[in-house]
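[1] sequence and predicted structure below; questions after.
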Amino acid sequence: MKNPWGDEETPYLAIGGESAVRTLVETFYDVIETESPELRAMLPVSTKGSREKLYEYLTGWLGGPPLYVAKRGHPQLRRRHLPFPIGAPQAEEWLRCMGKALDQTGVEGPIRLFLEHKLGPLALHMVNR
Ligand code: HEM
């Protein structure tokens, strides 16, 4: 294995590129909308924009085209989350929903372990309460 996520050049390629990231994000928000009232309550009535932003962000973060930065500038992710009350329980809930989305979309093997390893600290970094 060439890299922690597998033999592909980037995690973006390892997960399956554009369609895989799109499906993951759609599934993640569907999970939130069906079973996570607490996270759902922080989001706008329509999650169309939220879905688009996370898709753009994850694409660049995984080593694909830097869509988010090109469109919206520096992510400043922690600062952009300050308006939302995020404690450790909310970060854990975000990770639970993402884990379920990864399960449902069949993301397995080294790329799955790599993502879990990276997303855990990133979610905790958003804790602001
Ligand atoms: C820790 C728990 C988290 C909670 C409760 C949370 C919640 C939210 C909420 C309520 C929004 C606003 C949605 C909107 O503007 O439509 C948002 C935006 C966003 N979140 Fe999170 N988030 C969390 C963690 C993360 C993580 C780990 C990532 C990255 C992998 C992430 C990426 C983003 C992005 C890219 C945006 C859009 C920022 C913008 O352009 O305004 N979030 N988040």
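    Yep, it's here.

[2] pull up the residues of this structure that are close to the ligand.
    Within the chain, the positions lying close to the ligand (Cβ under 6 Å from any ligand atom) are 39, 42-44, 49-50, 53-54, 57, 72, 77, 80-81, 84, 86, 90-91, 94, 119, 122-123, 126. Any C-beta I mention is one placed from the backbone N, CA and C, and that applies to glycine too.

[3] change it to 8 Å
    39, 42-44, 47, 49-50, 53-54, 56-58, 61, 68, 72, 75, 77, 80-81, 84, 86, 90-91, 93-95, 98, 119, 122-127 (Cβ under 8 Å from any ligand atom).

[4] narrow these to just the buried residues.
    With neighbours counted using 16 or more other Cβ atoms under 10 Å, these contain these buried positions: 39, 43, 47, 53-54, 56-58, 61, 68, 81, 86, 90-91, 93-95, 98, 119, 123, 126.

[5] mind checking which of those residues land in helices?
    39, 53-54, 56-58, 61, 68, 81, 90-91, 93-95, 98, 119, 123 (DSSP state H).

[6] show me where the chain has strands.
    Assigned by DSSP state E, the strands in the chain number zero.

[7] can you list the weak-confidence ranges in it?
    Counting by pLDDT under 70, not a single residue of the chain qualifies.
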